[in-house]
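Colleague: Any chance you could fold what I've pasted below:
(one chain, ligands or ions: 2)
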Amino acid sequence: MNRKVKTVILAAGMGTRMKSEKPKCLHEILGYPMLHYIIEASKKVGCEEICVVIGHKGEMVMEALQDTPGITFVQQKEQLGTGHAVMQASKFIEGEPSDVLVLCGDTPLVQGEVLERLLQVHQMEKNAVTVLSTIVENPTGYGRIVRDAGGNFLYSVEQRDATEAQRKIQEVNSGMYCFQSEALLEALAKIDNQNSQGEYYLPDAVPKIMEAGGRAEAAICEDSAVILGVNDRMQLLEATQIMQKRINRRLMAEGVTLLSMENTYVSPHVRIGRDTVLYPGTFLEGNTHIGEHCVIGPNSRIVDCTIGDHVTIQNSTLLDSTIQDFVNVGPFAYVRPGSVIGPSVKVGDFVEIKNSVIGEGTKISHLTYVGDADVGKNINFGCGTVLVNYDGKEKHRSVIEDHAFIGCNTNLVSPVRVGEGAFIAAGSTITSDVPPDALGIARARQVNKEDWVQKRGKR
Ligand code: UD1
Ligand code: CA
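Modeller: Ligands and ions are numbered 1, 2, ... in the order given. Just a heads-up that it's a prediction; the model follows:
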């Protein structure tokens, strides 16, 4: 029977090379902190107990993860090395024997499948420790995997402590491991800081385990990108680009058309239906779901929205809203949080909608602001309509009933109700309710003064 799996994620380091106010593990890739990806990967292998070792600006890390269930935090007050970091999690590791995955907060490209394989090898071979390694073109900065003439894994040596010959080795330590908990705890007690950095290195636990008679192995991961460690902004961009390609490839495999690999940014939890087309400059973020046969972009940003089928969105920004089937949005529209746009609605150019419900078939074609309103079906908004929802102190809500016609350049001063089928004359400033089927007109009558220009004496 397989043992319980626990994960320890090391995220206490300063991340000096990021030159940032934020701890390194909170730097984002396609809208989520790096740490989020590592947690997701460990959850994929069925790991329910996760411990994050925090230190440098640890409060920020705890705050960022406050909505993620099942995380234990431990503090590493001084960053004395990766081995020392794992020691801080001893209490978490103790108890019923388990397999412990040790991962880093700065390797966001690790995937569930890779950890799955690491665990498999570890459990099948009955290893006391399995180091995940990979072969890279340029091993600079990584610990090197040293093997004997027979190819058996001996130990991992840090670049700074490596000999000239060892530095040429292209098999590197990914910084990810699987340990049997008992072996790990025993070895941690034995490691010292006698090395070039004066740190307690986690890789040093490996030879201690072997000395105690435990089996150790380095399992090679074929895809070296998986272990990319992010230490500076350049590597953050590289990791982003790899993640972006992965997600975009998945979308295409699922039946979505993309016009650009580089200029399409889709967050990992976004879902998109078949035959939807993404134009360049599209950003799809958060918990966004898009239906089938939609055309999105160019240059559009959609965050936390649910979008139906056959929807067109051009050059627009949509936040935290629901858009139903056959809607057209944009170009240059702004749909703000709390909006529900009904089926077959048109939200045209330079239209802003905020916290409003728009009924089926309504047309809001140009230059209009609809804020805090309940809008019925088949209404026509003339160009330049404004819902005057804010009196400088409070927001007010208005209701516009089905089939109303709002003339161009109308102000609807909220709260106000426009009855079913009512007609508002162009240029009106409506301050009181308009009954159903009535004409609401609220503007000064036009006066023409004959020959006024000549009398004025100049032309
Ligand atoms: C480490 C490994 C190296 C491996 C590489 C892979 C050691 C000594 N070296 O090097 O063999 O090739 O990862 O990316 O383990 N951390 C703490 N507390 C500390 C020190 C580090 O929590 O006291 C955390 C960091 O926040 C980071 C992770 O551990 O998330 C790795 O530390 P880092 O300093 O980046 O190690 P590397 O030099 O990359
Ligand atoms: Ca690193």
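
Colleague: Could you pull up the contacting residues of the residue lying closest to residue 24 once chain neighbours are set aside?
Modeller: Closest residue to residue 24 apart from its sequence neighbours, by C-beta to C-beta, 6 or more residues apart in numbering: residue 15 at 2.7 Å. Using the backbone N, CA and C atoms, a C-beta is placed for each residue, glycine as well. Applying C-beta atoms under 8 Å, 6 or more residues apart in numbering, we find residue 15 in contact with 23-25, 27, 56, 106, 231.

Colleague: one more time with 10 Å, if that's ok
Modeller: Contact partners of residue 15, counting by C-beta atoms under 10 Å, 6 or more residues apart in numbering, are 22-27, 56-57, 105-106, 230-232.

Colleague: so which of those residues also contact ligand 1?
Modeller: 105-106 (C-beta under 6 Å from any ligand atom).

Colleague: Please list only the buried members of the contacts of residue 15.
Modeller: Neighbour-count burial (16 or more other C-beta atoms under 10 Å) applied to the contacts of residue 15 gives 22-27, 56-57, 105-106, 230-231.

Colleague: which phi and psi does the residue nearest to residue 24 have?
Modeller: As for residue 15, its main-chain torsions (degrees, to the nearest 10) stand at phi 70, psi 40.

Colleague: Among the buried ones among the contacts of residue 15, which ones lie close to ligand 2?
Modeller: Among these, the residues that sit close to ligand 2 (C-beta under 5 Å from the ion) are residue 106.

Colleague: can the buried ones among the contacts of residue 15 go into CSV with extra columns for pLDDT, distance to residue 326 and secondary structure?
Modeller: Compiled in CSV, those are given as follows (pLDDT from 0 to 100; distance: C-beta to C-beta, whole Å; DSSP: H, G, I helix; E, B strand; the rest coil):
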residue, pLDDT, distance to residue 326, secondary structure
22, 94, 42, coil
23, 95, 45, coil
24, 95, 45, helix
25, 96, 43, helix
26, 97, 40, helix
27, 97, 40, coil
56, 88, 51, coil
57, 93, 48, coil
105, 96, 44, coil
106, 95, 45, coil
230, 94, 42, coil
231, 93, 48, coil
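
Colleague: show me what contacts the residue of the stretch 201-350 of the chain found nearest ligand 1?
Modeller: Residue nearest to ligand 1 within the stretch 201-350 of the chain: residue 229 (3.3 Å; C-beta to the nearest ligand atom). Contact partners of residue 229, counting by C-beta under 10 Å, 6+ apart, are 104, 106-109, 141-142, 172, 174-175, 235, 239.

Colleague: Secondary structure class of it, three-state.
Modeller: Put simply, residue 229 is coil when judged by DSSP: H, G, I helix; E, B strand; the rest coil.

Colleague: Please apply the same query to residue 402.
Modeller: Using three-state DSSP, the structure places residue 402 in coil.

Colleague: how near is the residue of the stretch 51-200 of the chain found nearest ligand 2 to residue 350?
Modeller: Residue nearest to ligand 2 within the stretch 51-200 of the chain (C-beta to the ion): residue 106, separated by 4.8 Å. According to C-beta to C-beta, to the nearest Å, residue 106 and residue 350 sit 43 Å apart.

Colleague: And the contacts of residue 15, which is closest to residue 444?
Modeller: Using C-beta to C-beta, residue 22 comes nearest to residue 444 of the contacts of residue 15, at 57.4 Å.

Colleague: Could you find the closest non-adjacent residue to that closest one?
Modeller: residue 60 is the one closest to residue 22 (C-beta to C-beta, 6+ apart), at 6.6 Å.

Colleague: for this protein, which helix is longest?
Modeller: helix 233-253 (DSSP state H).

Colleague: check whether that one contacts ligand 1.
Modeller: No. Counting by C-beta under 6 Å from any ligand atom, ligand 1 is not contacted by helix 233-253; separation bottoms out at 10.3 Å.

Colleague: counting contacts, what elements does that helix pack onto?
Modeller: For helix 233-253, the elements it packs on are strand 28-29, helix 34-44, strand 257-258, strand 264-266, strand 271-272, strand 277-278, judged by 3 or more C-beta pairs under 10 Å, 6 or more residues apart in numbering; DSSP states H and E.

Colleague: and of those, who's closest to residue 204?
Modeller: When the helices and strands packed on helix 233-253 are compared (using C-beta to C-beta), the closest one is helix 34-44, at 22.8 Å.

Colleague: ok and whichever helix or strand comes after the closest one relative to helix 34-44, angle-wise?
Modeller: As assigned by DSSP states H and E, the chain's next helix or strand after helix 34-44 is strand 49-54. Orientation check (axes from the mean of the first three to the mean of the last three C-alpha atoms, to 10 degrees): strand 49-54 against helix 34-44 gives 160 degrees.

Colleague: what pLDDT, on average, does strand 49-54 get?
Modeller: Mean pLDDT, strand 49-54: 97.

Colleague: Convert it to CSV, retaining C-alpha atoms only.
Modeller: Only the C-alpha atoms of strand 49-54 are listed here, as CSV (Å, rounded to 0.1, in the frame of the first residue of the first chain):
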residue,chain,number,x,y,z
GLU,A,49,-1.1,18.1,3.4
ILE,A,50,1.1,21.0,2.2
CYS,A,51,3.6,22.9,4.3
VAL,A,52,5.0,26.2,3.0
VAL,A,53,8.2,27.4,4.6
ILE,A,54,8.1,31.2,4.7
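
Colleague: Understood, closing this out.
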